[in-house]
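> I would like the atomic coordinates for the input below:
(one chain, ligands or ions: 1)
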Amino acid sequence: MSGKKKIAIFASGSGSNFEAIAKACLHGRINAEVAICVCDHPGAYVTERAKRLDIPVLEIRQKSYPSKTEYEKVILDELQKQGVEFIALAGYMRIVGDVLLKAFPNKIVNIHPSLLPAFPGVDAIGQALNYGVKVFGVTVHFVDQTLDGGKIIAQAAIPYDGNDREELETMIHAREHALYVSTLKSLLN
Ligand code: GRF
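Below is the predicted model:
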């Protein structure tokens, strides 16, 4: 349908956020179409989810290219072919480089499983548990050249006073799916 923005979702792993966003688009809760899933870890479970939802996948390894620039140029070329206007990172385990940042200024967002600026980087949930915090959370932010340091768009706090990592992860993921969908809805509608 015309009027729908075409978006790309970048993911490296399981893709539960990918699936939540893709389904929200398919059901019209977000006024966008997921034109492509970019996966830098061929065979990751997100690729199965994408195939089930009939969403094209670009599986690409950075190490197959001489530099991040070359790698991102190939991705950019594909995004331009698909008419992509906006990118949502969903468990994409790489710093986005200049090629994509320049092509999509203020049009790349990410979700992170902590109340940024606390606990940026890998294993934010483990970092927060080890620190002993009692309020966990999730953040959606714009992506810049820093690690999880771009302007914050939305956050949700999750009070939790236990030490069952699995239980906490389940709570965090559920909150991520809701917050990412509602944030994209307001950014893209
Ligand atoms: C999420 O916790 C997200 O915040 C982080 O990576 C994880 C991806 O999970 N950036 P999934 O692949 O969407 O299930």
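> Would you tell me which helix is longest in this structure?
Longest helix in the chain, counting residues (DSSP state H): helix 165-188.
> mind listing what's buried in it?
The neighbour-count check on helix 165-188 (16 or more other CB atoms under 10 Å) flags 168, 171-173, 175-177, 179-185, 187-188 as buried. Using the backbone N, CA and C atoms, a C-beta is placed for each residue, glycine as well.
> with these in mind, which one is nearest to the ligand?
residue 176 (5.3 Å; CB to the nearest ligand atom).
> Pretty sure that closest one sits against residue 19.
No. Between residue 176 and residue 19 there is no contact under CB atoms under 8 Å: 11.6 Å.
> Can I get stretch 182-189 in CSV, CA atoms only?
The C-alpha coordinates for stretch 182-189 follow below in CSV (Å, rounded to 0.1, in the frame of the first residue of the first chain):
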residue,chain,number,x,y,z
SER,A,182,5.1,1.6,20.1
THR,A,183,8.2,3.8,19.4
LEU,A,184,8.4,2.8,15.8
LYS,A,185,4.7,3.4,15.5
SER,A,186,5.1,7.0,16.6
LEU,A,187,8.3,7.5,14.5
LEU,A,188,6.9,6.1,11.3
ASN,A,189,3.1,6.8,11.4
